[in-house]
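Colleague: Fold the following.
(one chain, ligands or ions: 1)
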Amino acid sequence: MSPTDGTAPQHQSGAATGAPEPVDPTAADLTAADLTAADLTGIGATAPRRPRAAAPGSPEAAQGQELLARYGESLMGVFGTPQRVLVRGSGSTVWDADGKEYLDLLAGIAVNALGHAHPLITSVVTSQLATLGHVSNFFTSPTQIALAEKLLELAQAPAGSRVFFANSGTEANEAAFKLARRNAGGDGAPRRTRIVALENAFHGRSMGALALTWKQAYREPFEPLPGGVEWVPAGDADALRAAVDETVAAVFIEPVQGEAGVRGYDDGYLAAAREITRAAGALLIFDEVQTGIGRTGSWFASEGVLPDAMTLAKGLGGGFPIGALVTFGPEASSLLTAGQHGTTFGGNPVATAAALATLHAIESGGLLGHVHRVGAQTADALRALDVVTDVRQYGLLLGFDLAEEIAPAVVTAALDAGFIINAPGPRTLRLAPPLNIAADQLRRFTDALPTIYRTALERTAKENA
Ligand SMILES: Cc1ncc(COP(=O)(O)O)c(C=O)c1O
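Modeller: Just a heads-up that it's a prediction; the model follows:
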């Protein structure tokens, strides 16, 4: 099967999916299970089912603004004001509450690996939920076991390797942090009190993951954080070698730093980190939350270098929340013992079924090769543009720098032009589209970028005048 956009009808018949047949919403015996998301939110009910552009000034055109006003009165302001209210997606396309269409080149920040409303994910999640939704960690389920086995196979993990399931990237890193603390040394060896991370690293927002994260503005309001973490310049093997000795419990590395603007390292850096940590008895922990599950054109961006542990999330569930900590070999896998860590939701049947479906679709659709091809084509197209000064491409994780520091204005102009992109820095843009996005969809964006850039430049000049 060749890679496709995954565009599919949003609803399938109950017979094919195991989903309940449509019900009469006015029936007296209506239960929560009969309600659709639209019924529960009260949003879809008034959103156009076949979205179309709203006429300026029409009631439809006001819907997004009205919802954003309600958002402002009901949600905590940690994310600022959302750019749009999205109501529907299909493949790499999403629609907002006013019926405007966008090409989604961010995929929920590297999450929707198969785009939106992928038929396999939709049907697997629906039928799993209709069969068995949650069991707690007093029990297990076939999908949980099958997913752990599949991840160990894909990671080429040796015998004795294990998986712990969480619900997000930060939780996977939280588990990895606790794993590191258990690599404390003993039997007369010096105590391992230190953890080394890289400058510009991003590992998440919970207290342990935040303690590993480089940006001071993220950490400072929440201090004191778990201690013992220090940072060395990213990609500098000599600096890492100088920092790591028998007092270091673990070294945390993102194989490509996504939030820092999509920045990898010179060839050989990850292998050097492997050699340095092994010599010192420190754990090597790869944070593949953003880069894992085919994002870079390989199952894992660190492929070829086996760590002691690896964290995953984002793309793993194809849009359904799930995270994982994979430990390599019996030693790392026995550091956390019964009762030392846990989570209520982690590894539940629905999330693990969604992840199995995602891995199956990537594998059976030959998407890793597709990611390589269209990623390289997109990088070439970007490099050919005057307004782009540097391109860093790892499969379908692309960071590129602009001639001027107007990246946030370019994001806004792109949105107006129907493209969802992201600015991890003042002159840096990031693309992380669905892995099954079509080449011509990406081309549409690279063709439009010079005009979008000019619009952003003009608006910025006007604002500054
Ligand atoms: C490398 C990396 N680690 C961890 C996280 C945190 O993941 P989450 O937002 O799912 O908690 C992110 C999120 O952007 C990430 O990019």
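
Colleague: who in the stretch 151-300 of the chain is up against the ligand?
Modeller: Counting by CB under 6 Å from any ligand atom, the residues of the stretch 151-300 of the chain close to the ligand are 168-170, 173, 202-204, 254, 258-259, 287, 289-290. For every residue, glycine as well, the C-beta is placed using N, CA and C.

Colleague: With neighbour count and secondary structure as added columns, please give the residues you listed in TSV.
Modeller: Converted to TSV, these look like this (neighbours: other CB atoms under 10 Å; DSSP: H, G, I helix; E, B strand; the rest coil):
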residue	neighbour count	secondary structure
168	20	coil
169	28	helix
170	23	helix
173	30	helix
202	25	coil
203	29	coil
204	25	coil
254	27	coil
258	25	coil
259	20	coil
287	32	strand
289	29	coil
290	28	coil
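
Colleague: So which of those is the closest to residue 459?
Modeller: Nearest to residue 459, judged by CB to CB, of these is residue 259 at 25.8 Å.

Colleague: Who are the contact partners of residue 411?
Modeller: Contacts of residue 411 were listed using CB atoms under 8 Å, 6 or more residues apart in numbering, and they are 83, 421, 422, 423, 429.

Colleague: what packs against the helix or strand containing residue 130?
Modeller: Residue 130 is part of helix 119-131, with elements assigned from DSSP states H and E. With contacts defined as 3 or more CB pairs under 8 Å, 6 or more residues apart in numbering; DSSP states H and E, the packing partners of helix 119-131 are helix 14-17, helix 349-364.

Colleague: Just the buried residues of the helix or strand following the longest one, please?
Modeller: For helix 349-364, the following helix or strand on the C-terminal side (DSSP H and E) is helix 367-383. Neighbour counts over helix 367-383 (16 or more other CB atoms under 10 Å) mark 367, 368, 370, 371, 374, 375, 378, 379, 381, 382 as buried.

Colleague: quick revisit: which residues are contacting the helix or strand just after the helix holding residue 130?
Modeller: Heading C-terminal from helix 119-131, the first helix or strand you meet, by DSSP H and E, is helix 142-154. Contact partners of helix 142-154, identified using CB under 8 Å, 6+ apart, comprise 128, 157, 161-163, 165, 299-300, 312, 324, 326, 347-349, 352-353, 355-356, 359.

Colleague: Give me the distance between the longest helix along the chain and the centre of its chain.
Modeller: Of all the segments assigned as helix in the chain under DSSP state H, the longest by residue count is helix 439-464. For helix 439-464, the distance from its own C-alpha centre to the chain's C-alpha centre is 25 Å (CA atoms, centre = their mean, to the nearest Å).

Colleague: next one: stretch 164-178
Modeller: In terms of CA atoms, centre = their mean, the gap separating the centre of stretch 164-178 from the centre of its chain is 14 Å.

Colleague: can you pull out the strands in the stretch 101-250 of the chain?
Modeller: 101-104, 162-166, 194-198, 229-232, 248-253 (DSSP state E, counting those that start in this stretch).

Colleague: Any buried residues in the first one, and which?
Modeller: Translated: strand 101-104. Under the neighbour-count criterion of 16+ other CB under 10 Å, strand 101-104 has 102, 103, 104 buried.

Colleague: Extract the CA atoms of that strand and return them as PDB.
Modeller: Listed next in PDB are the C-alpha coordinates belonging to strand 101-104 (Å, rounded to 0.1, in the frame of the first residue of the first chain):
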ATOM      1  CA  GLU A 101     -10.000  25.200   6.000                       C
ATOM      2  CA  TYR A 102      -6.300  24.700   6.900                       C
ATOM      3  CA  LEU A 103      -3.500  22.400   5.900                       C
ATOM      4  CA  ASP A 104      -2.200  21.100   9.100                       C
END
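
Colleague: before we move on, the earlier item: looking at the helices and strands packed on helix 119-131, which is closest to the ligand?
Modeller: Distance to the ligand, taken as CB to the nearest ligand atom, is lowest for helix 349-364 among these, at 12.8 Å.

Colleague: give me the number of residues near whichever residue of the stretch 301-450 of the chain sits closest to the ligand?
Modeller: Here the residue of the stretch 301-450 of the chain nearest the ligand is residue 313; by CB to the nearest ligand atom that distance is 4.6 Å. Other residues near residue 313 number 28, with proximity taken as other CB atoms under 10 Å.

Colleague: Now that it has come up, it's in contact with residue 322, right?
Modeller: Yes. In this structure, residue 313 is within contact of residue 322 by CB atoms under 8 Å, at 6.8 Å.

Colleague: shared neighbours, the two?
Modeller: What both residue 313 and residue 322 touch, as defined by CB under 8 Å, 6+ apart, is the set residue 166.

Colleague: still on that earlier bit, I'd like the contacts of residue 411 written out as a markdown table, with neighbour count added.
Modeller: What follows is those, written out as a markdown table (neighbours: other CB atoms under 10 Å):
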| residue | neighbour count |
| --- | --- |
| 83 | 14 |
| 421 | 24 |
| 422 | 19 |
| 423 | 19 |
| 429 | 26 |
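
Colleague: Just the residues you listed: which are in strands?
Modeller: Secondary structure of those is defined by DSSP state E; positions in strands are 422, 423, 429.
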